[in-house]
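*Asks:* Below are the sequence and a predicted model; questions follow.
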Amino acid sequence: MKPIFLELRHLKTLIALKESGSVSLAAKRLFLTQSALSHQIKLLEEQYDLVLFERKTQPIRFSVAGERLIQLGYEILPKVIEAELDLARIKQGEVGELRIAVECHTCFDWLMPAMDRFRQGWGLVELDIVSGFHTDTVGLLLTHRADWAVVAEMEETAGIAYQPLFSYEMVAICSRDHPLAHKEIWEAEDFCNETLIHYPVPDDMLDLLRKVLLPAGINPPRRTSELTIAIIQLVASKRGVAALPYWAVKPYLERGYIVARKITQTGLYSNLYGAMREADLTTAYLTDFHNTVKAESFATLPDLLVLE
C-alpha cells in the first residue's frame, strides 16, 4: 500500500467543498484554480483508492469516506487554529482593545455570531462596537476611535489597509401580489413608478441608486426606515419596493411574506471589506478577528461570493 500523507490543506479543501456545495465556489474560497483543487482531490482519492464525492451533483454528495474525512476536519482544524492562536498570544500577549465600526445596517446579522466566536479565543481582548451608524468609518480608524471597520469601497488612504470579506447579491423585493412580482428580472425602468424604501443613508452608499437607477436617469420617490424588519413589513404591506442583500431577506422569503427578484440581467452585487490601520496589521487578535468574521460569514450566510 502506498504511504498516505493526509495534510491540513486536504481537510480544508473538503470542508470548503462541503460548505460551498460546488468545486468552483470552493476553489474561489481557497484561492485555488478549479483544476488545482480537482487535482488535489484526485491525488487524495488515488492514495486511499476511494472516491470521496460524486461528480456532477449539485450540491456535492459525499461518499462515506468523504464524510469521514470531513468529520475529521471539523474535529482537528479548530484545535490547530486554537494552537496557532496560543502561539500568537505567547508572542504578543492576550490583552488588547478592539473597537468595531460599521457602515451598513445589515452588518449585525453576521457580525454578532463572529464576535461571539472570537470571544471564545480572546477572552481578555475588550471587544466593542462604536455606537451609531457611520458614513466615515475610515475616519474613525485614522483618529483611533475604532480599530477595525466594515467598508463597502476601498478608497486609497495613507495608513489604511483593506482586506476582502465577501461579495453578495442585492435583490429587489416586493409584496406577493405586486404587479412586478411575476417578472423574474427587474431593470432600472421597473423602479420608475415605485416608492423605493431604503435605509436613511446618502445616495452614494446605496448600490441600487449608484449603479443602476441614477445612471439611467431614474430617481423614484423615497421612504426610509432604520430597521430591516420595518422595510420588510412596509414592502409586504404594498407601501413600496426595496433592494436588500439576499441573505438578509431569505428568512422572509421562506415564510412567504415577500418575493425577491434579480436586479438587471447580470445581477447587482455589493462588496464588503475589513479596514484597519497599517500599523496594526501584525496585531494577532486583529488578524484573527478579520479571519473569524470571514470564515463565520461563509459558513452561515447563503450564496456569498469570494472577493479577491
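*Replies:* Thanks, I have the structure now. Numbering: from 1, shown residues only.
*Asks:* in whatever helix or strand Val80 lives in, what's buried?
*Replies:* Assigned by DSSP states H and E, Val80 falls within helix 64-92. Neighbour counts using 16 or more other CB atoms under 10 Å place Ala65, Gly66, Leu69, Ile70, Gly73, Leu85, Ala88, Arg89 of helix 64-92 among the buried residues. Heads up, the C-betas are built off the backbone N, CA and C, glycines and all.
*Asks:* so where's this protein uncertain?
*Replies:* Under the criterion pLDDT under 70, the flagged ranges of the chain are 1-4, 89-94, 131-134, 308.
*Asks:* rerun that using 50 as the cut-off
*Replies:* Residue ranges of the chain with pLDDT under 50: 1.
*Asks:* packing partners for the longest strand seen in the chain?
*Replies:* In the chain, taking DSSP state E as the definition, the longest strand is strand 160-175. Packing partners of strand 160-175 (3 or more CB pairs under 8 Å, 6 or more residues apart in numbering; DSSP states H and E): helix 137-142, helix 228-236, strand 242-245, helix 246-254, strand 258-263, strand 268-277, helix 284-300.
*Asks:* For the shortest one, which helices and strands make contact with it?
*Replies:* Think strand 242-245. strand 160-175, strand 196-198, helix 228-236.
*Asks:* same check, this time on the first one
*Replies:* If you count contacts as 3+ CB pairs under 8 Å, 6+ apart, helix 137-142 packs onto strand 96-101, strand 148-151, strand 160-175, strand 268-277.
*Asks:* Show me how far the longest one is from its chain's centre.
*Replies:* The chain centroid and the centroid of strand 160-175 are separated by 7 Å under CA atoms, centre = their mean, to the nearest Å.
*Asks:* same check, this time on the shortest one
*Replies:* Distance of strand 148-151 from its chain centroid, counting by CA atoms, centre = their mean, is 13 Å.
*Asks:* Extract the CA atoms of it and return them as CSV.
*Replies:* Written as CSV, here are the backbone C-alpha positions of strand 148-151 (Å, rounded to 0.1, in the frame of the first residue of the first chain):
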residue,chain,number,x,y,z
TRP,A,148,-11.4,47.6,12.6
ALA,A,149,-14.2,48.7,10.2
VAL,A,150,-16.6,47.3,7.7
VAL,A,151,-16.5,49.3,4.4
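*Asks:* list the buried ones in it?
*Replies:* In strand 148-151, counting by 16+ other CB under 10 Å, buried: Trp148, Ala149, Val150, Val151.
*Asks:* any chance of those residues in TSV, plus distance to Ile100?
*Replies:* Shown next, in TSV, are the buried residues of strand 148-151 (distance: CB to CB, whole Å):
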residue	distance to Ile100
Trp148	5
Ala149	7
Val150	8
Val151	12
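*Asks:* Give me the buried stretch members for stretch 216-228, please.
*Replies:* Ile218, Pro220, Ser225, Thr228.
*Asks:* Ala260: neighbour count?
*Replies:* As a burial measure, Ala260 scores 20 neighbours (other CB atoms under 10 Å).
*Asks:* Give the closest residue to Trp247 in space, chain neighbours not counted.
*Replies:* For Trp247, ignoring the flanking residues on the chain, the nearest one in space by CB to CB, 6 or more residues apart in numbering is Leu301 at 4.4 Å.
*Asks:* Then Pro200?
*Replies:* In this structure, Pro200 finds its nearest non-sequential neighbour in Thr224, 4.1 Å apart by CB to CB, 6+ apart.
*Asks:* quick one: contacts for Met154?
*Replies:* Listed by CB atoms under 8 Å, 6 or more residues apart in numbering, the contact partners of Met154 are Tyr162, Tyr273.
*Asks:* separation between it and Ala161?
*Replies:* The gap separating Met154 from Ala161 is 10 Å, by CB to CB, to the nearest Å.
*Asks:* With Leu209 instead?
*Replies:* Using CB to CB, Leu209 is found at 29 Å from Ala161.
*Asks:* Could you do Gly73 as well?
*Replies:* 30 Å.
*Asks:* ok now do Gly66, which residues does it touch?
*Replies:* So Gly66 contacts Leu14, Val51, Leu52, Phe53 (CB under 8 Å, 6+ apart).
*Asks:* Just list the residues touching Ser63, thanks.
*Replies:* Neighbours of Ser63 in contact, by CB under 8 Å, 6+ apart: Leu50, Val51, Leu52, Phe53, Glu54.
*Asks:* do Tyr257 as well
*Replies:* Tyr257 makes contact with Arg176, Ile232, Ala236 under the criterion CB under 8 Å, 6+ apart.
*Asks:* If we go by neighbour counts, what in stretch 276-295 is buried?
*Replies:* 276-277, 280, 283-290, 292-294.
*Asks:* List the contacts of the residue nearest to Pro200.
*Replies:* Shown in contact with Thr224 (CB under 8 Å, 6+ apart): Ile197, His198, Tyr199, Pro200.
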